[in-house]
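Chemist: Give me coordinates for this.
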Amino acid sequence: MSTQAKATIGRERYRTIIETDDHNFVTDEPISVGGKDLGPNPGELLSAALAACAVATMKMYAQRKGWDLQEAVVEVDFEWNMKESLTNFIKITELKGNLDDEQRRRLLEIADRCPVHKVLSNPVVINSSLI
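Modeler: Numbering: from 1, shown residues only. Model prediction:
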């Protein structure tokens, strides 16, 4: 899976334009650190990516199985311990619909198999270059 994004920051403090293949949006930093809070900050984007991937994966699975998943809500936060070089994601899931305990358990298991979860759970290599 290859996913590309480009971030451009100019003169306006921390306001950043994000461009993907089909979408453009703004990120920023909170006012408390000198930004204008014009959009999510990078940490919020990271949490949002995991949450969005989890709910979409559960929805796709439930639809294939014909299960009555009416709504899935996933809240994600993370704590980064720089001293120990450890990142801990806290993911809370709420499922609404006519689902039995086994279906609910299976959907939670499936959410942990979404592509973003897999990326964050495995070793990551970042190759940087300057042009």
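
Chemist: longest helix of this protein?
Modeler: Of all the segments of type helix in the chain, defined by DSSP state H, the longest one is helix 42-65.

Chemist: partners of the helix or strand just after that helix, with directions?
Modeler: Where DSSP states H and E defines the elements, the next helix or strand beyond helix 42-65 is strand 68-81. With DSSP bridges as the test, strand 68-81 is paired with strand 86-98 (antiparallel).

Chemist: ok and the helix or strand just after the strand it pairs with relative to strand 86-98, angle-wise?
Modeler: Next along the chain after strand 86-98, taking DSSP H and E as the criterion, comes helix 101-111. Angle between the axes of helix 101-111 and strand 86-98 is 140 degrees (criterion: axes from the mean of the first three to the mean of the last three C-alpha atoms, to 10 degrees).

Chemist: Domain-wise, how is this protein divided?
Modeler: Listed by automatic domain parsing, the domain ranges of the chain are 1-39, 42-121.

Chemist: Where among the ones you listed is average confidence lowest?
Modeler: Per-stretch mean pLDDT for these is lowest at domain 1-39 (a mean of 92).
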